[in-house]
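K.L.:
this one's sequence-less:
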């Protein structure tokens, strides 16, 4: 059973370009979470999605960032007009159901570098 | 406003000895706590968790202790092994929060010397 998959693992963008990060949850998992880790810091929650629904986006910047989890295909985190401050590791996690105390399984992350 | 804090950025321990990693939190609504282990260039891996109705949970070499009155938890690893060298993150969640959003501490880098 494959774990959470993220691609690309590394992404380099110039300022002003768009970054698209993909996450395929574990088989049977319908809940996806995105976290961002800035250098030398802990992971910070960005957004929680279920299939075709954004449940909680309280951690996501209001501008330039968007996320989706379509009925078919991976979850996408999209960053428009990237700036140097967007350089970070972006981790996706999935869980089978939004019950309390459910462990979240993390992917390997996408390391975004903005030049 | 950091709701979960790990005040020691690094810890060095001799192989075979005990490693104690500490975590403090400020949000009294947190009722479930988790420890994740992270190797470089990998995602965090779940290690052990504890509910606020308990004060101790043990799994093999790993034990987590929770002191609710002090809003403090700790992870004990005994005996420590070189393969335990990694960054350890403490995380917390509120029971009434939709989707189990995790709030992470800044991490402690553990180095176990052979």
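P.N.:
Here it is on my side, so go on. The structure displayed is predicted, hence computed values, not measured ones.
K.L.:
for residue A:67, helix, strand, or coil?
P.N.:
strand (DSSP: H, G, I helix; E, B strand; the rest coil).
K.L.:
what does chain B put close to chain A?
P.N.:
Proximity of chain B to chain A (CB under 8 Å from any CB of the partner chain) is limited to residues B:4, B:6, B:32, B:34, B:36, B:41-46, B:49, B:51, B:89, B:91, B:93, B:95, B:97-107. Backbone N, C-alpha and C define where each C-beta goes, glycine included.
K.L.:
now tell me what touches the helix or strand encompassing residue B:87 from outside.
P.N.:
Counting by DSSP states H and E, the element that carries residue B:87 is strand B:86-94. Strand B:86-94 is contacted from outside by A:42-43, A:100, B:3-4, B:6, B:21, B:23, B:25, B:27, B:29-39, B:44, B:47, B:73, B:75, B:100-105, B:107-110, using CB atoms under 8 Å, 6 or more residues apart in numbering or on different chains.
K.L.:
hmm, back to that, narrow the residues of chain B next to chain A to those in helices?
P.N.:
Of these, none are assigned to helices by DSSP state H.
K.L.:
now for residue 87, how many residues are close by?
P.N.:
Just so you know, I chose chain A. 16 (other CB atoms under 10 Å in any protein chain shown).
K.L.:
that answer is for a different chain, and I need it for chain B
P.N.:
Counted with other CB under 10 Å, residue B:87 comes out at 19.
K.L.:
likewise residue A:82?
P.N.:
If we define neighbours as other CB under 10 Å, then residue A:82 has 21 of them.
K.L.:
what sits against it?
P.N.:
Residue A:82 makes contacts with A:13, A:14, A:15, A:16, A:17, A:18, A:19, A:64, A:112, A:114, as judged by CB under 8 Å, 6+ apart.
K.L.:
follow-up on the earlier one: just the buried ones from the residues of chain B next to chain A, in ChimeraX syntax?
P.N.:
Typed into ChimeraX, the line below selects the buried ones among the residues of chain B next to chain A, using 16 or more other CB atoms under 10 Å in any protein chain shown:
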select /B:4,6,32,34,36,43,44,49,89,91,93,97,99,100,101,102,103,104,105,106,107
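K.L.:
show me the contacts of strand B:86-94 that map onto strands.
P.N.:
Under the assignment DSSP state E, the contacts of strand B:86-94 contribute A:43, B:4, B:21, B:23, B:25, B:30-38, B:47, B:73, B:75, B:103-104, B:108-110 to strands.
K.L.:
now residue A:33. Nearest residue, chain neighbours left out?
P.N.:
residue A:93 (4.5 Å; CB to CB, 6 or more residues apart in numbering or on different chains).
K.L.:
where does the one you found land on pLDDT?
P.N.:
On pLDDT, residue A:93 comes in at 94.
K.L.:
where's it, which helix or strand?
P.N.:
With DSSP H and E as the test, residue A:93 turns up in strand A:88-95.
K.L.:
for residue B:84, what are its contacts?
P.N.:
B:19, B:37, B:77, B:110, B:112.
K.L.:
pull the number of nearby residues for the third one.
P.N.:
Around residue B:77 there are 24 other residues, counting by other CB under 10 Å.
K.L.:
measure it to residue A:51 for me?
P.N.:
As for residue B:77, its distance to residue A:51 is 38 Å (criterion: CB to CB, to the nearest Å).
K.L.:
right, and residue A:34 touches residue A:67 too?
P.N.:
Yes - using CB atoms under 8 Å, residue A:34 is in contact with residue A:67, at 6.1 Å.
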